[in-house]
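Colleague: model the following, please.
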Amino acid sequence: MNSEVPSIHDQPIVSEFPDVFPDELPGIPPVREVEFNIELIPGSEPISKAPYRMAPIELKELKDQLQELLERGFIRPSVSPWGAPILFVKKNDGSMRLCIDY
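Modeller: So this is what the prediction gives:
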């Protein structure tokens, strides 16, 4: 288990406005000592769809967003046989929202 989990107080925006952010965020799952597993029905196989094609600008956006999510501790690297393709949806402000097509 990674002992260096980023703290909310490590985020620059939190340090800038400490009176707005609570000391603890109850909605974020805590780091647990036990890894949980989902037991599958016997004989079932993982579902994995091929990724959708992306324009070079979308690939760059994907790399940037994934890197930011990794740095913030919201995601972690995985080698799961399960997988779903991702796509981007343009937001009203022109930025791109990362979506997973389950």
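Colleague: only C-alpha atoms for contact and neighbour calcs from this point on.
Modeller: Fine.
Colleague: name the SS class of residue 36, please.
Modeller: coil (DSSP: H, G, I helix; E, B strand; the rest coil).
Colleague: so what pLDDT did it get?
Modeller: Confidence at residue 36, expressed as pLDDT, is 77.
Colleague: determine the set of other helices and strands touching the lengthiest helix in the chain.
Modeller: Counting by DSSP state H, the longest helix found in the chain is helix 56-72. Applying 3 or more Cα pairs under 8 Å, 6 or more residues apart in numbering; DSSP states H and E, one finds that helix 56-72 contacts strand 96-100.
Colleague: flag every buried residue along stretch 59-75.
Modeller: Buried residues in stretch 59-75, defined by neighbour count with 16 or more other Cα atoms under 10 Å: 61-62, 66, 72.
Colleague: equivalent analysis for stretch 73-87, please.
Modeller: 83, 86-87.
Colleague: what does stretch 41-56 give?
Modeller: Buried residues in stretch 41-56 (16+ other Cα under 10 Å): none.
Colleague: end-to-end on it?
Modeller: From its first residue to its last, stretch 41-56 covers 39 Å (Cα to Cα, to the nearest Å).
Colleague: might you list the low-confidence residue ranges for this structure?
Modeller: Residue ranges of the chain with pLDDT under 70: 1-6, 8-9, 24-30.
Colleague: that older thread, now for the helix or strand that the longest helix of the chain is followed by, which elements pack on it?
Modeller: Under the assignment DSSP states H and E, the closest C-terminal helix or strand after helix 56-72 is strand 86-90. Packing contacts for strand 86-90, counted by 3+ Cα pairs under 8 Å, 6+ apart, involve strand 96-100.
Colleague: now do the strand it packs on: which elements does it pack against?
Modeller: Using 3+ Cα pairs under 8 Å, 6+ apart: strand 96-100 touches helix 56-72, strand 86-90.
Colleague: which stretch among these comes nearest residue 47?
Modeller: Ranking the helices and strands packed on strand 96-100 by proximity to residue 47 (Cα to Cα) places strand 86-90 first, at 14.6 Å.
Colleague: how far away from the center of its chain is the closest one?
Modeller: Centroid separation between strand 86-90 and its chain, computed with Cα atoms, centre = their mean, to the nearest Å, is 14 Å.
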